[in-house]
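Asks: Provided below for reference: sequence and predicted model.
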Amino acid sequence: MLCAGALKRVDLGGRGIIMVLKIVWDACNRYRLVADYFQRPQMNEAFSVASSSLRVKFLRKHSADMHDDMFPKWLGPFFIALYIVIDSKQVLDQKLTLGTFLATISILSSISDQFSRAYSTILDLQEFCAPMKKLTVYFNKETDLLMWKKVNRQRRENTKKERDALLAEPKPESPASPDPPAGGYKTDLIPIRMDNISYTHHGKVIFTNVSVQAQQGQLVAVTGPHGSGKATLLRLLGHVVFPQDGSIFIPSHLRVLHVTQEALMLNSSPWTNLLFGCPDRSLVDAQRVRTICEMMEMKQTISLIEEDLLRHANKETGSDSPKNTNAFEEAGAWLDGLTYTEKVKLHLARALIMNPEVIVLQRPLHHYDSKTSQLVMNVLKAHVRERGLGLPEEGRPHRRPRTCFFTIEDASQAEQADVSWHIHENNVLPNFTE
């Protein structure tokens, strides 16, 4: 296991080694971040590209191939020459016939050609044996693939049922009937719910037959005494863990993002960290990134990404990009220069920039004083109210609702939420009061 300090001290002869080590370090030590932001394929691809480049550079592949190819071809003539030196005297002394001597040389020459092909085959097998041995171990490890397959199938099936039921409803004729969704999407009326879920961890019962729901487009505060299971509930909603019984239904067309309490950073630039959840970073609206950072009063981060903001502006106008930003470029000392508050703000801003329809936040207000906590709370409320931060106001009615689940630090924060879920005796109660 590598540490950040070791990466800075390592000096093995090139940028390529540092890049490979940083990718491995990020994948091992920031796996939760990589998984939550659905970046596992991108990390695999980055490692494959970096390691292949490094292998070519350090193994001098063409030189090695030449040596491997020439070795068996020179080995045959060497043994033939050795045989001639040793046994030619026996031919002169008439102890060995000339025909036998020449036939032996011919056989050695033929064996030499066969040995060349056999040696090449052995090298090919040797090249694949070690990786295949490791891949066999990894491929036989337990994964969550089958569970994800089951969950996604359930989500699609339940979403179809809910959608069909909504579309089958007659249009409201009474003025007192509920108005349709602002954007005209009836699927926005499908609730997020837990149906009879039970969850046990290391023999301890956390939840038993929990059934609760929230409408899309709400800010939901999760409350409860210490150790009651608030973090576990959010991990269940974020699909980090899965219930033993029952099901959690979030419509399949909604992206779900789980954000840890700990501020996780990659060994990369601040710009890459902020845009980590964006599928195509070249299409990111730089002005929107600036707006979100300004809303959260991230002055240090804005100063660090100023060049990247300008680079994106130049790209939008067709200018050549003055700087090639790699996803795993050298991190430098920027992270050490950030305050703790700025780091946790960047951790949250990354999620808001990704802009998922459902965001699950583990104690997002834990890190701040009362003034900054209220600032962040206002940002979360704006994210839900505006259906995404920094987006055009005229498009708001046509965007999907934004739903946010979070755990509170004090009762006043729950009062600012649209709905509160209280954990009480292994159950979850909506809008519960002591």
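Replies: Alright, I've got the coordinates. In this text, all values refer to a predicted model and were calculated from it rather than measured experimentally.
Asks: tell me where the protein has strands.
Replies: Using DSSP state E, the strands found in the chain span residues 192-201, 204-214, 219-223, 245-249, 256-259, 358-361, 403-407, 419-424, 427-430.
Asks: how far away is residue 250 from residue 155?
Replies: 7 Å (CB to CB, to the nearest Å). C-beta: built from backbone N, CA, C; applies to glycine.
Asks: what about the two, which has more around it?
Replies: For the pair residue 250 and residue 155, the greater number of neighbours falls to residue 250 (25 against 20), based on other CB atoms under 10 Å.
Asks: tell me the pLDDT of that one.
Replies: On the pLDDT scale, residue 250 is placed at 95.
Asks: separation between it and residue 148?
Replies: As for residue 250, its distance to residue 148 is 13 Å (criterion: CB to CB).
Asks: again with residue 294
Replies: Shown here: residue 294 relative to residue 148, a distance of 37 Å by CB to CB.
Asks: residue 170 now?
Replies: Looking at residue 170 against residue 148, where the rule is CB to CB, the gap reads 37 Å.
Asks: give me the more crowded residue out of these two.
Replies: residue 148 (12 against 6).
Asks: what's near enough to touch that one?
Replies: Residues counted as contacts of residue 148 (CB atoms under 8 Å, 6 or more residues apart in numbering) are residue 239.
Asks: verify the stated contact: residue 355 with residue 389.
Replies: Yes. In this structure residue 355 lies within contact range of residue 389 using CB atoms under 8 Å: 7.4 Å.
Asks: OK, contacts around residue 264?
Replies: The neighbours of residue 264, taking CB under 8 Å, 6+ apart as the test, are 30, 32-33, 347.
Asks: hmm, try it at 10 Å
Replies: Contacts for residue 264 were tallied using CB atoms under 10 Å, 6 or more residues apart in numbering; they are 26, 29-34, 36-37, 273, 276, 343, 347, 350.
Asks: ok, residue 299 - contacts?
Replies: Contacts of residue 299 were listed using CB under 10 Å, 6+ apart, and they are 293, 342.
Asks: which residues in the stretch 301-434 of the chain form helices?
Replies: Taking DSSP state H, counting those that start in this stretch as the criterion, the stretch 301-434 of the chain contains helices spanning 306-316, 340-354, 370-385, 411-415.
Asks: mean neighbour count, those helices: which tops it?
Replies: Across the helices of the stretch 301-434 of the chain, the average number of neighbours (mean count of other CB atoms under 10 Å) peaks for helix 340-354, which reaches a mean of 21.
Asks: who does that helix touch, helix- and strand-wise?
Replies: helix 31-36, strand 256-259, helix 270-274, helix 286-295, helix 299-304, strand 358-361, helix 370-385 (3 or more CB pairs under 10 Å, 6 or more residues apart in numbering; DSSP states H and E).
Asks: let's see 6 Å
Replies: When contacts are defined as 3 or more CB pairs under 6 Å, 6 or more residues apart in numbering; DSSP states H and E, helix 340-354 sits against helix 286-295.
Asks: so which bits of the helix it packs on are buried?
Replies: Across helix 286-295, burial judged by 16 or more other CB atoms under 10 Å covers 286, 288-290, 292-293, 295.
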